[in-house]
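> Sequence and predicted structure are below.
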Amino acid sequence: MFADLHMHTTFSDGTFSPEEMAQAAQRHRLACVALTDHDTVAGCARMAAECIRLGIEFVNATELTGEIDGVEVHILGYFIDPANAHFLASLVKFQHARQQRIHEMAARLQAQGIPLQAEAVFAIAKCESPGRPHVARALVQAGLCSSMDEAFDRFLKKHRPAWVPKFKISADDAIGLIHHAGGVAVIAHPALNKSDDIIPALVEAGVDGIECFHTRHSTAASEHYLLMAEQYGLAITGGSDCHGMNKGKPLMGGIKLPIIHVRQLEERARAIREKTLVAA
């Protein structure tokens, strides 16, 4: 039995609805999935309902953007309480920052003579957590770029004319928010960060796990992070980072995490919740 613990739907920057994502998971014979949309848990209830219908275990999750020692790091939160008021209030702030970023990107495009309005991006995104892929789609739809790759290469990559830095909270705060919601905090796709030197500081901040298996991790990278997980006593996770058809093809099926790692994450979440209850 296998799991995929990293995927994004139309509630952030993916192209599959929660129901379509669950159905894709069934086609790949996954026993368990987690929805990790950026800065939101709004799609979790729908995907959980479809997973129940299909006989798939579902984990409430999200992906937050943090920073430590000047390095951007993504933190996945698993087994979080999707009704935790403090956590939800924080997500609303992050969503507003994402929406403001779209306005700033549109303004920079207009300064370059590219007549794209922020409203056109929001009309495509139709979610509270828009991102650069939505801007790219809007540019293509308006005939201002021939492809999403062109949109990123010309305007949206770092240091391109319309690039705007992401809003980030401290990694300590991201981990604390996840713990407050009863969840476990996991370092996402560490090989993409190219900053292994921040991992000890994240461990010190209370991070619980590390995503050893990812679509863009080589076999050598996965083995490297498995050793780091052992060294620091971290839980092991993995996921495809599927965004539906955003990348031209769905990525689901390439990563199959043994279900035992889900059970170990669940145990850590239970311990965090018990500790929180004792502290209260």
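Yep, that arrived.
> so what's residue 51 up against?
Taking Cβ atoms under 8 Å, 6 or more residues apart in numbering, we find residue 51 in contact with 22, 25, 33, 57, 58. From N, CA and C alone the C-beta is placed, and that goes for glycine too.
> so which pair among those residues is furthest apart in space?
Taking Cβ to Cβ as the measure, the contacts of residue 51 span a maximum distance of 11.0 Å, between 22 and 57.
> more crowded one of these two?
residue 22 (26 against 17; other Cβ atoms under 10 Å).
> Give me the distance between the more buried one and residue 264.
23 Å (Cβ to Cβ, to the nearest Å).
> that older thread, which residues are in contact with each of residue 22 and residue 57?
33, 51.
> my read: residue 94 touches residue 166, true?
No - when contacts are counted by Cβ atoms under 8 Å, residue 94 is not listed as touching residue 166 (9.9 Å).
> who touches the worst-scoring helix or strand of the chain on mean pLDDT?
The weakest-scoring helix or strand in the chain, judged by mean pLDDT, DSSP states H and E, is helix 260-279 (a mean of 87). Contact partners of helix 260-279, identified using Cβ under 8 Å, 6+ apart, comprise 3, 5, 32, 57, 59, 78-79, 179-180, 182-184, 186, 208-209, 235-238.
> Relative to the whole chain's centre, how far out is it?
21 Å (Cα atoms, centre = their mean, to the nearest Å).
> Look up the closest residue to residue 104, ignoring the ones flanking it.
Nearest residue to residue 104, sequence neighbours excluded (Cβ to Cβ, 6 or more residues apart in numbering): residue 164, at 4.6 Å.
> what about that neighbour, how many residues close to it?
18.
> do residue 224 as well
Count around residue 224 with other Cβ under 10 Å applied: 16.
> what's the answer for the one 5 residues further on, then?
Taking other Cβ under 10 Å as the criterion, the count of residues near residue 229 is 19.
> do residue 97 as well
Look at residue 97: counted by other Cβ under 10 Å, it has 16 neighbours.
> before we move on, what about residue 126?
By other Cβ under 10 Å, the residues close to residue 126 number 10.
> Which pLDDT value belongs to it?
Listed pLDDT for residue 126 reads 95.
> do residue 247 as well
Predicted confidence (pLDDT) for residue 247: 59.
> Equivalent analysis for residue 3, please.
Residue 3 is given a pLDDT of 98.
> quick check, it in a strand?
Yes - Residue 3: assigned to a strand according to DSSP: H, G, I helix; E, B strand; the rest coil.
> Just list the residues touching it, thanks.
Per Cβ under 8 Å, 6+ apart, neighbours of residue 3: 30-34, 57, 238, 256-259, 261-262.
> residue ranges of the helices in the stretch 51-200 of the chain, please?
85-111, 118-125, 132-141, 148-151, 171-180, 190-193, 199-204 (DSSP state H, counting those that start in this stretch).
> Looking at those helices, spot the one closest to residue 13.
Smallest distance to residue 13 across the helices of the stretch 51-200 of the chain (Cβ to Cβ): 4.5 Å, for helix 132-141.
> pLDDT of that closest one, averaged?
According to the model, helix 132-141 has a mean pLDDT of 96.
> got the angle for it vs helix 118-125?
Between helix 132-141 and helix 118-125, the angle comes out at 110 degrees (axes from the mean of the first three to the mean of the last three Cα atoms, to 10 degrees).
> Nice, that's everything, thank you.
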